[in-house]
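With the sequence up front, the predicted model follows.
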Amino acid sequence: MKSIQEALKESPVSPYTGSEKTFELVANQIKARWGESELKNYDPFHNARTFRSWLSLGFRVRKNEKALRSIVYTETKDTKGNVIKKARRHIYLFYYRQVEKINAK
């Protein structure tokens with residue numbers, strides 16, 4: 001059985017787009033929960049994912065774990081591709097320390 005770290009290195013990259021604000025928001029929550037030393041392990045492209053993303057990789061969120069909150073901005077475009085509306089949306093992420101491998105039966 002692969003460890004979480006091994007599976008994350010092989011997994012596809014998350015939809016994170018590289019926003020510094022999002023990075024800082026999640027990093028501050030990780031620092032508050034697991035301490036400053038855990039920040040060196042934080043890789044937003046691989047180890048902070050949504051509930052569904054973890055499930056698709058064969059992991060489940062441990063019982064009683066609380067999500068890390070983040071913000072994304074979505075755009076609505078018309079048929080010509082012009083942005084007609086921007087909306088702020090909250091997303092809930094789980095860090096790799098909050099998940100466990102689903103046992104194959």
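Alright, I've got the coordinates. Numbers count the residues shown, from 1 in each chain.

Only C-alpha atoms from now on, for both contacts and neighbour counts.
Fine.

Give me the contact list for the helix or strand containing Ile91.
For Ile91, the host element (DSSP states H and E) is strand 83-95. Strand 83-95 is contacted by residues 47-51, 61, 66-78 when judged by C-alpha atoms under 8 Å, 6 or more residues apart in numbering.

Now the element after it, going C-ward?
Per DSSP H and E, strand 83-95 leads on to strand 99-101 as the next helix or strand towards the C-terminus.

Quickly note the distance from the residue of the chain positioned farthest from its centre to Lys86.
The C-alpha centroid of the chain is most remote from Lys80, which lies 31.6 Å away (C-alpha atoms, centre = their mean). For Lys80, the distance to Lys86 (C-alpha to C-alpha, to the nearest Å) stands at 16 Å.

Tell me which residues touch the spatially most central residue of the chain, please.
Taking C-alpha atoms, centre = their mean, the centroid of the chain lies closest to Arg49, which sits 2.4 Å from it. Residues counted as contacts of Arg49 (C-alpha under 8 Å, 6+ apart) are Ser14, Leu93, Phe94, Tyr95.
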